[in-house]
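K.L.:
What follows is a predicted protein model with its sequence.
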Amino acid sequence: MFDLPTGDDQTVDGGEKEHPIVLEGYQACDFDALLRILYPTLRDLISGTFKLEMEEWVGILNLSTRWQMKEVREHAIKNLSNISLSPVKKVVLARAHKVAKWLKEGLTEILTENPVRPLDELETLGLKTACHLLWIRDRTASHKANGLGFSITISSLVCPGGHAMFTSALSCNGCARPILIDDTEAIHLYDTSSVQIKDSGNPGLNLQGQDCYLQDLVRALDPDPT
């Protein structure tokens, strides 16, 4: 850029303080936070930590995502994941910065919270998303009340040969909750219209075709994977 011919006034943006390069649509505070990661001070290097606030990490995530700085982006996601983010904040950040795992975590937490979050907070996600979430909660609750839902344990899941699929406790991939082998409250099926109960000495469940409302909602929001 500096090798290009200059105009009649002989000024080049970025060549002097009075004529800076202006990046439209970006915040100076975000750029300042990014520079603290790229060019740490001696004190930062000695301590091995960066004392940044949540909004500063969000700014770093924003710029590193836009400018395809993969390692910096992953570092920002890791540090923000260690901060106690509310479910709504997770969804908002996930959609803004394309972090798929936050979207799923946030929606799951909102759906399983009791009581439900205030409507004005859910409206932050957009009316369509809020309506989806409330519809899923209502459908799940009505199925429970009408006896359409039922609970199973992971010890009851068997392969076609009748062998137990799980013989020890697991952890949920979504919320990391421990699932004990005989915990009847750990896993549920609320839409039984496509579930076939088999009883041939080793009872099993055919889950093919089972609706998953949460997955439908995640696909509707369409986040790009990290």
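P.N.:
That came through, no problem. All of these numbers come straight from a predicted model, not from anything done at the bench. Numbers count the residues shown, from 1 in each chain.
K.L.:
And the pLDDT at Leu34?
P.N.:
pLDDT recorded at Leu34 is 95.
K.L.:
typed the wrong thing, it's Leu205
P.N.:
So, for Leu205, pLDDT stands at 40.
K.L.:
Over to Ser171?
P.N.:
On the pLDDT scale, Ser171 gets 82.
K.L.:
Which residue comes closest to it once chain neighbours are left out?
P.N.:
Closest residue in space to Ser171, ignoring its immediate chain neighbours: Pro178 at 5.7 Å, by CB to CB, 6 or more residues apart in numbering. Where C-beta positions appear, they are placed from N, C-alpha and C, glycine not excepted.
K.L.:
residue contacts, the residue most central in space within the chain?
P.N.:
Closest to where the C-alpha atoms of the chain average out (CA atoms, centre = their mean) is Trp102, at 1.1 Å. Residues near Trp102 by CB atoms under 8 Å, 6 or more residues apart in numbering: Ser81, Leu85, Lys90, Val91, Leu93, Ala94.
K.L.:
Run a quick neighbour tally on the last one.
P.N.:
Number of residues near Ala94 (other CB atoms under 10 Å) recorded here: 23.
K.L.:
For this structure, which segments count as helices?
P.N.:
Under the criterion DSSP state H, the chain carries helices at the ranges 28-38, 42-47, 54-66, 70-81, 87-97, 100-112, 119-122, 127-145, 213-221.
K.L.:
which one of those helices lies closest to Pro160?
P.N.:
helix 213-221 (24.8 Å; CB to CB).
K.L.:
averaged over its residues, what pLDDT does the closest one have?
P.N.:
59.
K.L.:
before we move on, the earlier item: same list, the helices of the chain, but as JSON lines with distance to Asp3 please.
P.N.:
Formatted as JSON lines, these follow (distance: least, CB to CB, whole Å):
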{"stretch": "helix 28-38", "distance to Asp3": "25"}
{"stretch": "helix 42-47", "distance to Asp3": "34"}
{"stretch": "helix 54-66", "distance to Asp3": "26"}
{"stretch": "helix 70-81", "distance to Asp3": "29"}
{"stretch": "helix 87-97", "distance to Asp3": "35"}
{"stretch": "helix 100-112", "distance to Asp3": "42"}
{"stretch": "helix 119-122", "distance to Asp3": "53"}
{"stretch": "helix 127-145", "distance to Asp3": "50"}
{"stretch": "helix 213-221", "distance to Asp3": "45"}
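K.L.:
between those, which gets the lowest average pLDDT?
P.N.:
Lowest mean pLDDT within the helices of the chain: helix 213-221, a mean of 59.
K.L.:
Next up, the contacts around Lys90.
P.N.:
Shown in contact with Lys90 (CB under 8 Å, 6+ apart): Trp102, Leu103, Glu105, Gly106, Glu109.
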